[in-house]
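Asker: I would like the atomic coordinates for the input below:
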Amino acid sequence: MTDFPLDRTEVRDNFRHFLTIPTRWSDNDQYGHVNNAKYLTFFELVIMRYLEVESGLDVAQHGVRCFSVENMCRYIAPIKFPDTLEAGLRVGRLGNSSVRYEVGLFIADQNDIKATGYFTDVFVDASTEKPVTIPTPIRSVLQQLCFD
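Answerer: Numbering: from 1, shown residues only. Okay, the predicted model is just below:
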């Protein structure tokens, strides 16, 4: 897999899929910018929207669940209401039982990245909660987000 920097040098072309996310007034904190905790919500939103809505996956249908085992957010420049975000998504690593989703947040019509980060999920058997091989239909959807 291609390694991308997940830093201020990220560019839009490094992401396979985008979701537009309007910020809300309630996303701002007392300092007038989007609260740090909201960034992980934006990351999760672009991931889940891609999987469940745009790809039509029902992970539970395949007898598995996903456990998030690690996440990271790197804040590069402030985001504030009423910014409209464009969240870029790619798969940085696709293993036997795990996937690392990588995200970049941009403000619409701007090229400078505002934040980067990732979520690592492990696929587990829905009954035993032991790691399992990612089912083929899910792997096929995830591969569409890979570079290589």
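Asker: Show me the helices in the chain, by range?
Answerer: 36-48, 136-143 (DSSP state H).
Asker: Can you give the distance of the last one from its chain's centre?
Answerer: Right, the one you point to is helix 136-143. In terms of Cα atoms, centre = their mean, to the nearest Å, the centre of helix 136-143 is set 16 Å apart from its chain centre.
Asker: Same list, the helices of the chain, but as a markdown table with distance to residue 119 and mean neighbour count please.
Answerer: Just so you know, the C-beta spots here come from the backbone N, C-alpha and C atoms, and that holds for glycine as well. Below are the helices of the chain laid out as a markdown table (distance: least, Cβ to Cβ, whole Å; neighbours: other Cβ atoms under 10 Å):
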| stretch | distance to residue 119 | mean neighbour count |
| --- | --- | --- |
| helix 36-48 | 6 | 18 |
| helix 136-143 | 13 | 15 |
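Asker: Save the ones you listed as CSV, and put in distance to residue 107 and mean pLDDT too.
Answerer: As requested, the helices of the chain are exported to CSV (distance: least, Cβ to Cβ, whole Å; pLDDT from 0 to 100):
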stretch, distance to residue 107, mean pLDDT
helix 36-48, 12, 97
helix 136-143, 27, 96
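Asker: Among those, which comes closest to residue 63?
Answerer: When the helices of the chain are compared by Cβ to Cβ, helix 136-143 sits nearest residue 63, at 10.9 Å.
Asker: Output that closest one as CSV, nothing but the C-alphas.
Answerer: The C-alpha coordinates for helix 136-143 follow below in CSV (Å, rounded to 0.1, in the frame of the first residue of the first chain):
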residue,chain,number,x,y,z
THR,A,136,-14.9,-11.0,0.7
PRO,A,137,-17.8,-8.6,0.0
ILE,A,138,-16.6,-6.1,2.6
ARG,A,139,-12.9,-6.5,1.4
SER,A,140,-14.1,-5.7,-2.2
VAL,A,141,-15.6,-2.4,-1.0
LEU,A,142,-12.6,-1.5,1.1
GLN,A,143,-10.2,-2.2,-1.8
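Asker: Give me the contacts around it.
Answerer: By Cβ atoms under 8 Å, 6 or more residues apart in numbering, the residues outside helix 136-143 that reach it are 51, 55, 57, 59, 62, 64, 91, 94, 99, 123, 134.
Asker: The same query, at a cut-off of 6 Å, please.
Answerer: Under the criterion Cβ atoms under 6 Å, 6 or more residues apart in numbering, residues 55, 57, 91, 94, 99 lie in contact with helix 136-143.
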